[in-house]
Every structure is written in C-alpha cells, then in structure tokens.
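Asker: Give me a model of this one.
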Amino acid sequence: MRTILFLCLLILLCVCEACGPEMKESVSLSEESVGTDSLEAVPVEAEVKDLTSDDIEIIKELLYDKYTLEDTYPYKDTTRHFQWDKIKERLALLENIQREPARWCVLQNYKNRNGEAPLVKKYTWGAYKRITDTLGVERYQSVPLFLLTDTLVAERYGSDGALSRCLGEEGSYVKVTPIFIGGEWLAPKRYVKLLPDTVFFDKAIMVDRLNQNIATLERKEEALWLVRSMNPATTGRHHPPYAQETPLGIFVLQEKKVKMIFLKDGSADTGGFAPYASRFHNGGYIHGVPTNAPATYLLEYSQTLGTIPRSHMCVRNATSHAKFIFDWAPVNETIIFVLE
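Answerer: Sure, this is the predicted structure:
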C-alpha cells in the first residue's frame with residue numbers, strides 16, 4: 001500500500017513540475033493530509049493453536065487428604081504411579097473442545113429405558129452372551145449410531161454416558177460426534193440428552209485401570225488444573241457372565257444415589273448397597289465400599305482397594321472419598337475419563 005501511494009505521489013509531482021508552482025502547492029497539501037496512521041497495515045489476528053499436554057500445568061491443592069497416594073508408590077514387588085502425562089493429554093483435549101461454542105449432549109440408554117437398540121449391520125455374540133458390535137460395544141444399554149447416508153440399519157453402538165457434540169437435528173435424528181470415538185453419526189432423538197448451553201466442564205475425574213487409582217481435578221484457569229484428591233480405587237474385572245471391565249472412554253456424570261442397591265449375581269435378591277454412588281456409564285458407578293445384605297452399616301475402607309480389578313464395572317473407592325466426589329462433582333457438568 002505504501003508503495004502504491006508513493007508512486008502516485010511521484011507521478012503527481014512530475015505532473016506538477018510541468019504545471020507550475022500552484023500545482024506543487026496542491027500536491028504538497030495532499031501529501032500532508034495522507035498521514036502516517038492511514039498507511040499502517042491492518043493487524044492480522046494470530047491463529048489460536050490447540051493446547052498440548054506440555055501446555056497443561058497441574059498443581060496439587062487437595063480438598064480430600066485421606067489415603068492420599070504419592071505420584072509413584074510401592075505395590076507388591078514393583079511400583080505404581082499416576083500417569084500425569086496421559087492425564088495432561090486428556091485435560092488438553094477437554095480444554096480444546098471447549099474453546100469454541102458448542103452444544104453438548106450425552107448418549108443415554110440406561111437399562112434400555114429409551115428402547116432396545118436395533119441390530120447393527122455386523123454383530124457377534126460376546127463373552128457375556130449378549131449381542132455386541134464388531135468393536136465390542138454391547139447392544140444392551142447402548143445407543144444405535146447410523147451413518148449419515150444410511151438410516152435403515154445402524155452401523156455401530158454408542159456407549160451410554162458418552163460425551164458428544166450435538167451438530168443439529170435432521171428429522172427424527174440428531175447429528176452427533178462422540179468425543180471418544182469421533183466421526184459424525186445420526187442417533188435417534190430419544191437416545192440423546194441435550195445439555196444446557198451454559199454447561200462448561202471444569203471438573204474431571206481420572207480413573208486409571210492399569211494402576212488402579214483415581215484422581216480428581218478442577219480447572220482454575222485455562223491450562224491450569226488443581227488436583228483435589230489422589231486415591232486408590234478398584235475397577236471392574238472381566239469375569240463372565242456378571243462382572244465386567246470398567247470401559248475406556250469419556251463419560252458425563254449422569255446421576256447420583258446415596259445408596260445404590262445391587263442384586264446377587266444371577267438372582268433377583270438384594271445383595272446389598274454401595275454408598276455415595278455417582279453413575280457415569282450403564283450400571284457403572286463411582287462408589288464407596290459395598291455393604292453386603294443384611295448389614296446396613298457403612299464400611300469406610302477395604303484393603304483390596306488399589307490392588308486388582310474386582311468390581312462389576314464400577315469404580316470402588318474408600319467411602320469417604322466416594323462421598324467427597326458425590327458432594328464435589330455436579331451432575332451433567334463433570335467428565336469422567338477412564339484410561340489405561
């Protein structure tokens with residue numbers, strides 16, 4: 001722009017030489033009127049780059065300090081640890097997906113309350129004698145996901161509780177992107193719960209299946225997260241036909257129960273209850289130490305916590321830690337990451 005203006009002025013000056021002093025004076029006034037401010041280039045906004053795990057800062061400011069584990073701690077003849085590198089990756093993801101305005105939703109079909117999902121194109125019978133898709137997601141308590149080009153037969157199943165981005169409605173379907181599996185899919189409206197557009201996820205719970213521990217974190221500002229607790233936990237085990245692994249994924253805290261009643265395996269009889277239960281996927285809860293019927297008292301701690309998977313999909317904690325999570329983590333606003 002400066003070059004063009006300079007050339008124009010030069011041409012006018014040349015013309016002025018031929019036209020006399022009056023023209024010179026006019027050109028001189030015009031040059032002064034241009035000013036330097038008008039010649040400044042318009043600033044271009046720098047592209048905002050996604051955060052990486054290196055950008056995430058974690059500071060320990062515990063709100064719950066019982067049974068607190070160190071970053072690395074002994075276990076039998078080896079050690080276990082908190083996988084802060086993976087935790088930072090998940091937190092960076094959570095930061096990045098919330099930078100742009102979005103309408104969040106949750107895939108839901110607890111106990112098939114929204115109707116049994118239809119069969120997918122390719123399915124098999126899993127180890128638990130239930131229909132699963134080719135990626136191992138069971139039909140029971142799941143959501144059918146259709147290709148954008150085919151709403152006749154579902155392509156795969158989506159997990160109950162899965163955090164998803166809502167991309168709009170198309171007839172009787174909602175276009176969604178489940179954050180954990182990615183892609184764009186169509187899900188029937190009855191299986192999708194829209195969250196308020198004011199929701200911002202600033203609390204995260206990290207469940208580590210490999211190390212059998214759990215950490216809770218709270219966002220203070222962009223890229224800065226505070227650790228609120230670091231505790232032993234026991235996840236679900238693969239033991240057909242009843243006990244199942246705690247599934248990997250990104251889930252939304254969906255509901256809470258002061259006492260979650262459970263049944264005896266293979267029976268309709270009450271087996272007992274688990275206190276301060278926070279449900280995130282199917283029948284999977286974060287809860288305290290179970291009390292077996294007919295007892296009614298609370299158990300605070302079990303020596304099996306933090307050892308090997310023993311639960312029925314749930315994440316078992318010290319009862320006081322389960323209560324801390326119960327009180328601290330709001331429904332529909334807390335994300336549970338299950339990692340390995």
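Asker: residue boundaries of the helices in the stretch 1-150 of the chain?
Answerer: Under the criterion DSSP state H, counting those that start in this stretch, helices of the stretch 1-150 of the chain are mapped to 2-19, 21-34, 84-97.
Asker: What of the stretch 201-340 of the chain?
Answerer: 319-328.
Asker: can you map out the strands along it?
Answerer: 203-208, 213-221, 224-232, 249-252, 255-263, 270-281, 284-287, 291-292, 315-316, 334-339 (DSSP state E, counting those that start in this stretch).
Asker: Now the longest one: buried residues?
Answerer: The one in question is strand 270-281. Buried residues in strand 270-281, counted by 16 or more other CB atoms under 10 Å: 271, 272, 273, 274, 275, 276, 277, 278, 279, 280, 281. Using the backbone N, CA and C atoms, a C-beta is placed for each residue, glycine as well.
Asker: Out of those, which is nearest to residue 170?
Answerer: residue 281 (26.3 Å; CB to CB).
Asker: That closest one pairs with what?
Answerer: Counting by DSSP bridges, residue 281 is bridged to residue 284.
Asker: Isn't it up against residue 248?
Answerer: No: applying CB atoms under 8 Å, one finds residue 281 not in contact with residue 248, separated by 10.3 Å.
Asker: How about residue 59: what's its closest non-neighbour residue?
Answerer: Nearest non-adjacent residue to residue 59, counting by CB to CB, 6 or more residues apart in numbering: residue 226, 5.6 Å away.
Asker: For that neighbour, which residues are in contact?
Answerer: Taking CB atoms under 8 Å, 6 or more residues apart in numbering, we find residue 226 in contact with 58, 59, 60, 61, 217, 218, 219, 220.
Asker: Show the buried residues in the residues you listed.
Answerer: Here, 16+ other CB under 10 Å leaves 58, 217, 218, 219 buried among the contacts of residue 226.
Asker: Name whatever forms a beta bridge with the residue positioned nearest the centre of the chain.
Answerer: For the chain, the residue nearest the mean C-alpha position is residue 250 (4.5 Å; CA atoms, centre = their mean). Beta-bridge partners recorded for residue 250 (DSSP bridges): residue 337.
Asker: Contact partners for it?
Answerer: Listed by CB under 8 Å, 6+ apart, the contact set of residue 250 reads 90, 162, 163, 179, 180, 335, 336, 337.
Asker: Distance of it relative to residue 235?
Answerer: 16 Å (CB to CB, to the nearest Å).
Asker: Spit out the contact partners of the closest residue to residue 238 other than its chain neighbours.
Answerer: Nearest non-adjacent residue to residue 238, counting by CB to CB, 6+ apart: residue 245, 5.1 Å away. The neighbours of residue 245, taking CB under 8 Å, 6+ apart as the test, are 209, 235, 236, 237, 238, 309, 313.
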